[in-house]
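Engineer: got a structure for you, letters missing:
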């Protein structure tokens with residue numbers, strides 16, 4: 001028996017795939033095990049994915065062991081967000097999360113790493129399972145196809161940055177397989193499989209569920225279009241009913257998630273960021289992207305093993321034989337050419353081509369078919385593959401500024417080495433047929449290619465000085481440090497909490513794992529009403545991915561949102577009115593104030609949104625302390641807060657009072673620096689200084705203008721002396737910039753007031769979801785200083801820019817605190833999971849609607865009422881006032897309906913499943 005088992009094992013495709021996976025993993029990631037390094041990267045790994053894992057782990061453990069309630073609305077996510085809306089993107093529907101529950105929180109760093117690698121392993125297992133049921137393939141073909149599908153530029157990227165993205169590659173082959181089986185077979189058992197996989201895809205992640213849905217639909221339509229014999233009512237209805245049932249089963253997670261998406265800051269995004277075509281560099285880079293992952297513009301992550309690219313050529317040369325696959329290739333080529341297609345697939349937002357990961361399945365399947373039928377290769381096939389290789393090599397060479405690095409050169413070498421292998425033994429294939437030389441060489445070259453691609457742009461991770469990966473010991477320390485922050489109220493933790501680490505990440509979510517209420521939230525879905533609030537007050541730190549951020553440390557806004565403690569690194573400025581406590585928390589200085597607005601309060605004045613919009617952003621900041629902004633025109637009563645808002649006044653400036661500053665950088669004005677003298681009065685000292693830019697217009701230089709500007713600056717450099725060689729400089733500049741993008745509208749303006757530095761960054765059209773076009777902004781420059789009246793602006797080094805500049809000062813700390821004290825706080829406030837209770841202040845019983853800083857959501861409602869609460873101050877719920885106790889409840893929008901739909905879906909599935917078994921028994 002033991003001998004039979006071993007014989008079967010060594011014949012198993014899964015066994016040999018596992019051996020090869022282990023080899024590539026040890027070669028490319030062995031340093032993780034030797035160096036005690038996790039796969040948590042100092043990017044979205046530590047900023048989003050690891051906090052989500054820790055947080056949900058704690059919540060579920062408390063539910064299971066202590067029967068504690070998991071809140072539907074969680075106050076630890078920024079100002080407060082829906083739990084399903086936040087975590088369904090990351091962990092709630094992720095089946096790879098739940099095994100973590102058997103491990104203590106201290107070991108979750110290890111689990112995160114092992115789970116990420118295990119996901120990648122299952123990618124190949126899923127491919128083998130599906131591919132051998134779709135096509136007749138040899139074992140060597142299956143193995144090479146599995147390696148092509150598993151080890152790609154996409155996997156190399158997401159393994160480090162977004163590990164859960166790789167789950168979609170596990171699901172995709174199963175979706176395609178089950179759609180194929182239902183379409184080609186009348187066996188109703190296949191419908192059960194399709195239903196389960198659809199449910200898994202949609203529960204796992206709504207975004208990737210959408211991508212997988214579109215991709216599978218394209219496959220299904222292509223299958224029907226190329227195989228007319230499959231166009232049968234019965235099979236079509238079977239596919240449709242299976243998909244509907246699967247979607248119904250997922251509704252308990254899917255429906256609330258979709259509602260949150262529709263109310264997120266990502267909605268209303270300019271389609272394709274306003275692009276009609278991609279930049280030239282994108283199109284030039286596409287051939288090179290086929291074989292490498294060194295250029296990933298617009299999320300076109302290629303890096304396909306050479307045999308995969310050759311498999312595409314081989315398949316396209318046999319159009320009729322593999323018509324479905326070839327139609328998909330043709331549609332894909334057309335799709336990557338136009339930004340609007342990428343934007344449509346991406347939910348009608350930015351032109352992200354993340355969907356291209358789905359092409360890996362037909363590519364790998366084509367590679368497996370080619371290897372299985374390699375004797376059918378012709379000289380013309382080889383010639384076309386050679387041309388494709390040359391184009392890819394030239395593309396890599398051109399996009400790198402005609403400089404070839406070792407990694408890129410080695411990728412090209414492996415491609416042509418594989419091609420040479422295919423071309424040489426064609427006529428001698430029979431003599432090789434009874435040996436292992438051919439398959440061993442193919443496997444050897446594939447493993448080398450896979451290792452090069454998986455290392456890709458991660459060679460720095462082997463260097464302790466450059467690595468962006470965080471060690472296990474550091475992870476444990478970071479997690480424990482989150483308990484050190486202030487607990488009883490909202491806080492703002494500076495974004496430099498982990499400043500010692502390499503990489504760029506936002507750490508606003510980390511305090512949530514310590515049960516803290518940090519207002520800076522960096523989850524994928526942000527409340528759109530909060531983003532509108534930020535836009536109305538020109539919060540320059542906000543964007544659709546970070547609705548509030550740090551509010552640019554604007555003191556009045558921080559106090560308005562109830563922020564009691566602010567933590568900043570030594571040497572960084574603290575918001576005005578926040579005093580150092582003398583405590584150093586996690587390397588950050590703790591600043592605090594006691595004068596902040598409560599969660600629920602009464603504002604004595606009302607103002608229509610239309611009238612409020614006419615104020616300057618700084619004036620809005622003052623007015624919102626005591627004035628409730630509501631929809632509809634409502635008469636404003638001039639009371640205390642109006643006086644407070646009037647304290648925010650523009651400063652007179654010498655030559656630029658209410659004039660437009662227009663700068664033409666071709667004039668080379670002091671290297672972009674421009675100084676403005678301010679007329680500061682003594683009474684303004686101790687107030688916050690704001691710079692308002694309006695009507696900003698920026699026009700980037702054309703390629704010719706950038707070239708001329710660079711040459712002029714080079715020639716103007718007197719330090720060059722006799723070393724100046726203008727002809728050589730021109731040649732080198734053209735070599736490095738011939739295919740470089742224009743900046744897509746990206747620019748920055750830097751401000752310096754007495755050492756207090758700030759900036760305004762306009763993201764470019766190529767920044768995908770971070771693109772947030774602004775024609776106006778407000779910059780906080782800290783406290784007005786004694787004996788300092790000079791403001792220095794540093795403008796973009798190239799391009800034309802114009803704007804209108806106004807400088808304002810806010811009220812003093814004393815005036816701010818006085819205005820806050822005039823807003824009456826709700827009494828007997830009690831906050832419990834999904835419930836808030838309080839009584840209205842006696843002095844404001846005539847106030848119709850109380851204000852709050854509870855982020856607006858239709859999930860909030862008064863006890864005994866299903867009426868939607870009003871929206872006040874752009875982004876928060878208003879609470880109808882009444883005598884006695886006021887009780888608010890929260891219920892996730894769509895959750896109850898989703899539960900009902902899921903129940904119906906499970907009933908329908910049970911009828912189908914048990915009905916099938918009953919029919920089988922009768923037979």
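Structural biologist: Alright, I've got the coordinates. This structure is a prediction, so every number in the text was calculated from the model and none was measured.
Engineer: so residue 728 is in which element?
Structural biologist: Assigned by DSSP states H and E, residue 728 falls within helix 726-737.
Engineer: which outside residues touch that helix?
Structural biologist: Residues outside helix 726-737 that contact it (Cβ atoms under 8 Å, 6 or more residues apart in numbering) are 401-402, 703, 706-707, 710-711, 714-715. Heads up, the C-betas are built off the backbone N, CA and C, glycines and all.
Engineer: If we use 7 Å, what do you get?
Structural biologist: For helix 726-737, the surrounding residues in contact (Cβ atoms under 7 Å, 6 or more residues apart in numbering) are 401-402, 707, 710-711, 714-715.
Engineer: which parts of whatever helix or strand comes next after that helix are buried?
Structural biologist: Stepping forward along the backbone from helix 726-737, the first helix or strand reached (DSSP H and E) is strand 747-753. Within strand 747-753, the residues that qualify as buried by neighbour count (16 or more other Cβ atoms under 10 Å) are 747, 749-753.
Engineer: pLDDT added to those, as JSON lines?
Structural biologist: As requested, those are arranged in JSON lines below (pLDDT from 0 to 100):
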{"residue": "747", "pLDDT": "88"}
{"residue": "749", "pLDDT": "91"}
{"residue": "750", "pLDDT": "92"}
{"residue": "751", "pLDDT": "92"}
{"residue": "752", "pLDDT": "90"}
{"residue": "753", "pLDDT": "89"}
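Engineer: Pick out the most distant pair among those.
Structural biologist: Of all pairs drawn from these, the one with the longest distance (Cβ to Cβ) is 747 and 753, at 20.4 Å.
Engineer: what about the residue at minimal distance from the centre of the chain, distance to residue 89?
Structural biologist: Closest residue to the average C-alpha location of the chain: residue 524 at 5.8 Å, with Cα atoms, centre = their mean. From residue 524 over to residue 89 the distance is 5 Å, taken as Cβ to Cβ, to the nearest Å.
Engineer: just checking, residue 396 touches residue 410?
Structural biologist: No. At 11.2 Å, residue 396 and residue 410 do not qualify as touching, with contact defined as Cβ atoms under 7 Å.
Engineer: who has more neighbours, the two?
Structural biologist: residue 396 (24 against 16; other Cβ atoms under 10 Å).
Engineer: How much space separates that one from residue 405?
Structural biologist: To residue 405, residue 396 is 9 Å away according to Cβ to Cβ.
Engineer: circling back: pull out the buried members of the contacts of helix 726-737.
Structural biologist: The neighbour count (16+ other Cβ under 10 Å) marks 707, 710 as buried among the contacts of helix 726-737.
Engineer: got the angle for the longest strand anywhere in the chain vs strand 747-753?
Structural biologist: Using DSSP state E, we find that the single longest strand of the chain is strand 688-699. Between strand 688-699 and strand 747-753, the angle comes out at 150 degrees (axes from the mean of the first three to the mean of the last three Cα atoms, to 10 degrees).
Engineer: elements contacting strand 688-699?
Structural biologist: In terms of contact count using 3 or more Cβ pairs under 7 Å, 6 or more residues apart in numbering; DSSP states H and E, strand 688-699 is assigned the packing partners helix 617-626, strand 747-753, strand 777-783, strand 800-809.
Engineer: now, of the ones you listed, which is deepest in the fold?
Structural biologist: The highest mean neighbour count among the helices and strands packed on strand 688-699, using mean count of other Cβ atoms under 10 Å, belongs to helix 617-626: a mean of 25.
Engineer: how close does residue 121 sit to residue 37?
Structural biologist: In this structure, residue 121 and residue 37 are separated by 19 Å, where distance is defined by Cβ to Cβ.
Engineer: Among these two, which residue is more densely surrounded?
Structural biologist: residue 37 (21 against 17).
Engineer: Please tell me how far the nearest residue to that one once chain neighbours are set aside sits from residue 299.
Structural biologist: In this structure, residue 37 finds its nearest non-sequential neighbour in residue 469, 4.8 Å apart by Cβ to Cβ, 6 or more residues apart in numbering. Computed as Cβ to Cβ, the residue 469 to residue 299 distance reads 22 Å.
Engineer: The two: which is more packed in?
Structural biologist: For the pair residue 469 and residue 299, the greater number of neighbours falls to residue 469 (27 against 18), based on other Cβ under 10 Å.
Engineer: lowest average confidence, helix or strand, in the chain?
Structural biologist: Lowest on mean pLDDT, DSSP states H and E among the helices and strands of the chain sits helix 429-432, with a mean of 47.
Engineer: Residue 821: what's it in contact with?
Structural biologist: Under the contact definition (Cβ under 7 Å, 6+ apart), no residues are listed for residue 821.
Engineer: and it, what pLDDT?
Structural biologist: Among the per-residue scores, residue 821 shows a pLDDT of 85.
Engineer: same thing with residue 680?
Structural biologist: Residue 680 is assigned a pLDDT of 73 by the prediction.
Engineer: Surely it is in contact with residue 785?
Structural biologist: No. Counting by Cβ under 7 Å, residue 680 does not reach residue 785; the two are 8.4 Å apart.
Engineer: out of these two, which sits in the more crowded spot?
Structural biologist: Neighbour count, other Cβ under 10 Å: between residue 680 and residue 785, residue 680 has more, with 21 against 17.
Engineer: Tell me how many other residues crowd the closest residue to that one other than its chain neighbours.
Structural biologist: Once flanking residues are discounted, residue 680 sits nearest to residue 789: 5.0 Å by Cβ to Cβ, 6+ apart. By other Cβ under 10 Å, the residues close to residue 789 number 17.
Engineer: got the contact list for residue 789?
Structural biologist: 677-678, 680.
Engineer: from these, which is closest to residue 265?
Structural biologist: residue 678 (34.8 Å).
Engineer: how close does the residue nearest to the closest one when sequence neighbours are not counted sit to residue 613?
Structural biologist: If you skip the residues right next to it in sequence, residue 678 has residue 789 as its closest partner in space, 4.7 Å away by Cβ to Cβ, 6+ apart. Look at residue 789 and residue 613: by Cβ to Cβ, they are 32 Å apart.
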